[in-house]
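Asker: got a predicted model here, sequence first, then my questions.
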Amino acid sequence: VELILVIAAIASLTSIVGIGGGILMIPYFKFRGLSMHKAIGTSSVMGFSFALSSSIAVFIFVPETAKELDYLIGAAFYPAILIVGLSSIYFARVGANLSSNTQGDILKKAFAILVILAAFRVFYSTFL
């Protein structure tokens, strides 16, 4: 039950500010005692399941304005699906290898830098 509530809160917050949920799931998993490698891996698997369910919703629930545009399947722009999908096949492997060959402390520092950059992005797009 705790995990469901935490995921719902994270999904709500990250969708409002336009960032990926992993940026908050990883610290949660670290708080619950997972190693940095396991926190990243678990967050990645959960991110995939979120993306899959969101993609299905985009195909099913089509806004009226999207019906008039070219290159759409539902409300999804299929050239982007192909580019992102195909590149993800390669870069998921690269990221997994990089993560598994990197020490946990370095991963923590890199993640902290990523969180700071995301915070600046959200602040900049909100207030400036």
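Answerer: That came through fine.
Asker: rest of the way, CA atoms for contacts and neighbours
Answerer: OK.
Asker: just the helices in the chain please.
Answerer: Taking DSSP state H to define them, one finds helices in the chain at 2-17, 22-31, 36-60, 78-100, 104-127.
Asker: most tightly surrounded among the ones you listed?
Answerer: Ranked by mean neighbour count, those are led by helix 22-31 with a mean of 18 (mean count of other Cα atoms under 10 Å).
Asker: so how far is it from its chain's centroid?
Answerer: Between the centre of helix 22-31 and the centre of its chain there are 12 Å (Cα atoms, centre = their mean, to the nearest Å).
Asker: just the CA trace of it, in PDB.
Answerer: What follows is helix 22-31, C-alpha atoms only, in PDB (Å, rounded to 0.1, in the frame of the first residue of the first chain):
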ATOM      1  CA  GLY A  22      12.700   8.300 -11.700                       C
ATOM      2  CA  ILE A  23      14.200  11.500 -10.400                       C
ATOM      3  CA  LEU A  24      12.000  11.000  -7.300                       C
ATOM      4  CA  MET A  25      11.700   7.200  -7.300                       C
ATOM      5  CA  ILE A  26      15.500   6.700  -7.000                       C
ATOM      6  CA  PRO A  27      15.800   8.700  -3.700                       C
ATOM      7  CA  TYR A  28      12.700   6.900  -2.400                       C
ATOM      8  CA  PHE A  29      14.300   3.500  -3.100                       C
ATOM      9  CA  LYS A  30      17.500   4.600  -1.500                       C
ATOM     10  CA  PHE A  31      15.500   5.700   1.600                       C
END
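Asker: where does this protein dip in pLDDT?
Answerer: The model of the chain has pLDDT under 70 over residues 64-67.
Asker: spatially central residue for the protein, please.
Answerer: residue 20 (3.5 Å; Cα atoms, centre = their mean).
Asker: what sits closest to that one if chain neighbours are left out?
Answerer: Spatial nearest neighbour of residue 20, excluding adjacent residues (Cα to Cα, 6 or more residues apart in numbering): residue 14 at 6.1 Å.
Asker: alright, calling it a day.
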